[in-house]
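*Asks:* structure for this input, please:
(2 chains)
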Protein chains: 2
Amino acid sequence: MATTSPRNRLGRKARNQHAPQQEAVEHEPADETADDAVAVDVELLRELLLGAYAPERRAARELIRDERFHHVPGRTKEEQRERTFEGLKALAGTEAVLAGLPTAQGGAGRPGAYVASFEEFVLADASLQIKAGVQWGLFGSAILNLGTQAHHDKWLADIWSLRIPGAFAMTETGHGSDVASIATTATYDPHTQEFEIHTPYRAAWKDYLGNAALHGRAAVVFAQLITGGVNHGVHALYVPIRDEHGEFLPGVGGEDDGYKGGLNGVDNGRLHFTHVRVPRENLLDRYGHVEPDGSYTSPIASPGRRFFTMLGTLVQGRVSLDGSAVVASRAGLAIALTYANERRQFSPVAGQPERVLLDYTRHRRRLFPYVARSLAAGFAHDELLGAYDDVFSGRTDDDDARQDLETLAAAMKATSTRLALDSLQECREACGGAGFLSANRITDLRHDMDVYATFEGDNTVLMQLVAKRLLGDHAKEFARMDVGVMARWVADRATETAVNRSGLRGLSQVFRDSADPRRSVNALRDPETQRSLLTDRVRSMIGEVAENMRGAGKGTPEAAAEAFDRNQHRLIEAARAHAHLLQWEAFTRAVGKVEDPGTRQVLVWLRDLFGLSVIEEHLDWYLSHGRMSLMRGRMVESYVDRLVTRLRPHIMDVVEAFGFAPEHLRADIASGAEAARQQEAADWVAGERAAGRWPRNEKSGK
Amino acid sequence: MATTSPRNRLGRKARNQHAPQQEAVEHEPADETADDAVAVDVELLRELLLGAYAPERRAARELIRDERFHHVPGRTKEEQRERTFEGLKALAGTEAVLAGLPTAQGGAGRPGAYVASFEEFVLADASLQIKAGVQWGLFGSAILNLGTQAHHDKWLADIWSLRIPGAFAMTETGHGSDVASIATTATYDPHTQEFEIHTPYRAAWKDYLGNAALHGRAAVVFAQLITGGVNHGVHALYVPIRDEHGEFLPGVGGEDDGYKGGLNGVDNGRLHFTHVRVPRENLLDRYGHVEPDGSYTSPIASPGRRFFTMLGTLVQGRVSLDGSAVVASRAGLAIALTYANERRQFSPVAGQPERVLLDYTRHRRRLFPYVARSLAAGFAHDELLGAYDDVFSGRTDDDDARQDLETLAAAMKATSTRLALDSLQECREACGGAGFLSANRITDLRHDMDVYATFEGDNTVLMQLVAKRLLGDHAKEFARMDVGVMARWVADRATETAVNRSGLRGLSQVFRDSADPRRSVNALRDPETQRSLLTDRVRSMIGEVAENMRGAGKGTPEAAAEAFDRNQHRLIEAARAHAHLLQWEAFTRAVGKVEDPGTRQVLVWLRDLFGLSVIEEHLDWYLSHGRMSLMRGRMVESYVDRLVTRLRPHIMDVVEAFGFAPEHLRADIASGAEAARQQEAADWVAGERAAGRWPRNEKSGK
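*Replies:* Numbers count the residues shown, from 1 in each chain, chains lettered A, B, ... in the order given. The predicted structure follows:
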């Protein structure tokens, strides 16, 4: 690829006195490719974005071009549910679904490939993705991961073939994220060698369960396991709920959750059990076993650790939501950007053609940072999926790996589902009234995604889990230091050099810069600066909270709880900051894999846009904590402006690299119709003018 | 009301070394009522929140308790449209609707009262509000405001009685916010004394029009008026579109916009015209008249001013959306807060009762600032409604008043519709899975409100209008200064004292404070500080943009357009800042009316929460522009934390003062069902324990 000297080209621009934000980037490092020589290798970028499971994702996308899988707006929930169920039947037996079944039962035993395919289903219909996730990802996986060989042999094949549609009966009306407090009981009766499943009161009804309102024939029911008068905590049992005619079995009852804000192709409902008996063998007993005489054994002695281990096996749902949120976010962006690249509105200079929306600064500012974020979230997801496959394929399955995976999944799911909602909303508004029509897809997609923010773990609760882990790691770091080191840490902190000790570059040096905007910008786009800033914020916030809580931890449990609550807001912010750092790191690693200079350059700009838009979002923190000079703080905004301008010529290549076919987007405004209408209008006006029929203007007389 | 010394009470807390944010507010001004003596007079607050048209709002709320007006989830668009139309028929003839009809036609001629009532209809069904708005607020008002006596006499009574349902045919597929560029033509033919309405191409189809897909019998069509070969710009004409059987008249065609992301009770559709002829008298000719011979006259010589005057008469829609956004936002908050005040989740200390959501810091932080914002938006709306009534009742109808009204309406509509979307989303997520069910209302309400952000003027475009007005005012201020003053202004600016000259208190003095957190907090809650900060940001941003653009304005039109675009992002931010300032001012004036000390105190806290949450949102600006010390910047967060804690005991009183009946909220989770379920659960556990049936815990053995 030909390169010209960026210095010469930009040197010209710098002479424009009225463009300070351009002046600021006058002298660029010589290794940066000049703007006009930059071109994206779309094929290459598409492969990079598809990630580790590119073939599976391509196959899944091919599969769902079939319109019978597609969501159709405006149908009743009964019609939507039927359609989704038919879609599920068509999926059963495909490679995508069989990837999740162990080889012993005739599947491929490739957990990562399986999850990757499911994530793409959201392009056809989020209800299809979620109902598939309920059937195979929750109901099936619970039996796979919490059950033992006999359970696998007995049920997995029928579950995978959809002969047994099932529900995952964990959540209760009274308890969502706090699973440990559910109130359904499974009491062992040694006389009959049965468990009695019972719902003691209304708040203990199972609620929001997919497959429960209509199609489920069985359920994995989570209940407090009681044997010999002792409560051993939450365990899962296989419980048949409906007969072959779809009628509830004796003792089982329930009701429909009715219409929801989206996902109406999934038959969510409630279940309750009145002294329902199942054989002892129906306890999924990998982590807790009851002998015929009622004695309880578990490979994990600590009830707390046992509970978290069992729940940890269900991380797949979060991994999958993380990935599908990225896909949905990109679909919305592809629609909004395609439209914005064609739609014209307002002529900036009277008599001249109207300008396309993407040529307005504000419009780029609204959409491009979401493109950068969707890339960051995607690269981070690809790594998460790798970690998931490592653990669940058994390659790297130990306590540490599982704990890391859970933390990562919580952080990523909470961040990308937020991104999906925010970006789809921005896309919808950026398309004006057209964005509101179901024919243009975005609103329906957003309605479905809405619940992703609170299911499979409420995002707020997930972020608290992440924060607690960060606090724990922080404490361990302290525990390893002797008193001398501790004292040094405190001293360091006071002079803001703690970050150096932690392996970061000398932030305080970097930020005691002069009032030179050029140096500020050069520093801001240095990846080490971005990394330092993002890392420092996480560490500092966690350190601050740890310090706030240290005294309280030694007091009463009430005082500790109070201290935790007082810092809850900051903890959650720290967890968000941590998630963004992880995404930034993943983005940077992905950029490192790209050798083509043009593609690499555009990715670097997008990575910078991601990093700086996150830093901009929290600029108040960086400034008020003295991590950035006021001059540099002001430069962040103008450098972000500069980045979105530079990305303008390449953004449609990035959209093309998303790799969506028209059958995936299904949006009139992304079909080229807008450009065709404009051409028709322009031709008509030209014809009228040529024929001398064009009326004169009252004001100009022309 | 008894008062205790706040100093003593808070002095105790201040001894707690681990609560710096509490320590910071140790010494409060003696005139601040102590927290434990504060109580809200709910009746008084309710009247204040209902505002100037309290009786009309109460009557409208009473009217819509009737379930036939209520939105029912899950119906097809055909069913919803029919229901909404039936609702409209039931509204026709009510005082609320007749308030908008002039006395000459048998109405009450009270525009403010009329709009206030319509705003409340959103509680029944947003589709009802919008369809009523289309019929009477747009179609009817266009004839009222753009037509003359003969038009009023001929059509208004039939429109108000719903004998003529009609569409407001302004927007075209190709042009939304840029009305001046619409392409439909109305060409005068002096031989037949008719106008020929014509749609030249597909992009010129009228689009997104309520009443167009199904019920409309006529339309006010906006078209380029051409007579004698001259285009006189956009004018409105009355055009019959369907016969008494609902069939399109010859030359008229159209199609259904289909399903939308919400508001499916409104029959939005498209219309096109093929050489459709209407009598000369059908031109609504208040601002532009065509004589039988085809000669054109107008009371407004400038085509540009004429256009803006005509459009300005249609401000009612924006005023009404502003008010209904406030109502919808409060409805969502009432649901989420009622639930959060009952719903328990997680026990902070093992063995103790679970905590209600509102007792979590994060939950308060999520919801309370929206309560404050909904109050601010409501107080500002009440003033906007007063301005609207002044102009449209004819009391204060001049160019300046109309221009102020339009700017105010644009700023308020764009801000409150954003608020409605953001707050409803936060409410939905704050209710977890329950928030996603249609039975709990929030998602459906949000789906409907979604389009409020882009119809009746896209919010981005509206904010640009506001910004242009601010820039214009800024330029006028400069024009009045001589060179000496100009030089002084520049010098002042350099030393940051320009704000003093502008009538603000000495910001630079206030902010060069020491590192004393107490003084920082005292300053932050001083209304003059808040006002200064909010005002300064608007002025500085506009001044900065004006300076950036000054050189460009003297260059080519292209250069000027380029400079405007480069500053577009900042201009829109400045307009948002201006809207927040106006809301803050309105809030402060409202507080000034309250004499009851308890109610006043809670309102002061809410006003402070509003002001500081806006300042917190833009803290990076205040810090990087040296408007606030770093210490004070850090105190903003902790003082906001403190405010939400103080408001905790009063927030449900504020919700009660919203004045919603169960028929307005219609949400299961706000019905008390949650508390009842918890009581049942607690009673059951107590009974089991008493009976000795409660199982022992594996870990504790108890």
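*Asks:* return the residues in contact with residue A:314.
*Replies:* Taking Cβ atoms under 8 Å, 6 or more residues apart in numbering or on different chains, we find residue A:314 in contact with A:138, A:141, A:142, A:145. For the C-beta atoms, the positions are set from N, CA and C on the backbone; glycine is no exception.
*Asks:* tell me the one of the residues you listed nearest chain B?
*Replies:* Relative to chain B, the closest of the contacts of residue A:314 is residue A:138; by Cβ to the nearest Cβ it sits at 14.5 Å.
*Asks:* so the closest one makes contact with residue A:168?
*Replies:* Yes: if you go by Cβ atoms under 8 Å, residue A:138 and residue A:168 touch, sitting 3.6 Å apart.
*Asks:* what sits in contact with each of those two?
*Replies:* Common neighbours of residue A:138 and residue A:168 (Cβ under 8 Å, 6+ apart) are A:210, A:220.
*Asks:* residue ranges in chain A under the pLDDT threshold?
*Replies:* Scanning chain A for pLDDT under 70 picks out the ranges A:1-36, A:478-516, A:553.
*Asks:* need the residues of the stretch 201-350 of chain A near chain B, please.
*Replies:* By the rule Cβ under 8 Å from any Cβ of the partner chain, the part of the stretch 201-350 of chain A lying against chain B is A:201-204, A:207-208, A:224, A:226, A:229-233, A:257-262, A:264, A:296, A:302-304, A:345-350.
*Asks:* ChimeraX command for the buried members of those residues?
*Replies:* Buried members of these, identified by 16 or more other Cβ atoms under 10 Å in any protein chain shown, are gathered into one ChimeraX selection as follows:
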select /A:201,202,203,204,207,208,224,226,230,231,232,233,257,258,259,260,261,262,264,296,303,345,346,348
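*Asks:* now, which of the residues of the stretch 201-350 of chain A next to chain B lie within helices?
*Replies:* Using DSSP state H to define helices, the subset of those located there is A:303, A:304.
*Asks:* narrow the residues of the stretch 201-350 of chain A next to chain B to those in strands?
*Replies:* If you go by DSSP state E, those have A:207, A:208, A:224, A:226, A:230, A:231, A:232, A:233, A:296 in strands.
*Asks:* in TSV: the residues you listed, plus distance to residue A:383.
*Replies:* Below are those laid out as TSV (distance: Cβ to Cβ, whole Å):
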residue	distance to residue A:383
A:207	34
A:208	30
A:224	37
A:226	41
A:230	42
A:231	39
A:232	36
A:233	33
A:296	39
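*Asks:* which of these sits closest to residue A:695?
*Replies:* residue A:208 (61.5 Å; Cβ to Cβ).
*Asks:* residues contacting that closest one?
*Replies:* The neighbourhood of residue A:208, defined by Cβ under 8 Å, 6+ apart, consists of A:171, A:257, A:268, A:270, A:455, B:433.
*Asks:* what is the most widely separated pair among those residues?
*Replies:* Farthest-apart pair in the contacts of residue A:208 is A:270 and A:455; separation 15.3 Å (Cβ to Cβ).
*Asks:* got the end-to-end distance for stretch A:624-634?
*Replies:* 13 Å (Cα to Cα, to the nearest Å).
*Asks:* my bad, should have said stretch A:123-134
*Replies:* With Cα to Cα applied, stretch A:123-134 spans 17 Å between its terminal residues.
*Asks:* residues contacting that stretch, please?
*Replies:* Outside stretch A:123-134, the residues that reach it (Cβ under 8 Å, 6+ apart) are A:61, A:64, A:69-71, A:80, A:84-85, A:87-88, A:91, A:97, A:118-119, A:121-122, A:166-168, A:209-211, A:262-266, A:317, A:320, A:324, A:327-328, A:331, A:445, A:448-449, A:660, A:664.
*Asks:* how about a cut-off of 7 Å?
*Replies:* For stretch A:123-134, contacts defined as Cβ atoms under 7 Å, 6 or more residues apart in numbering or on different chains pick out A:61, A:64, A:69-71, A:80, A:84, A:87-88, A:91, A:118, A:121-122, A:168, A:210-211, A:263-266, A:317, A:320, A:324, A:327, A:331, A:448-449, A:664.
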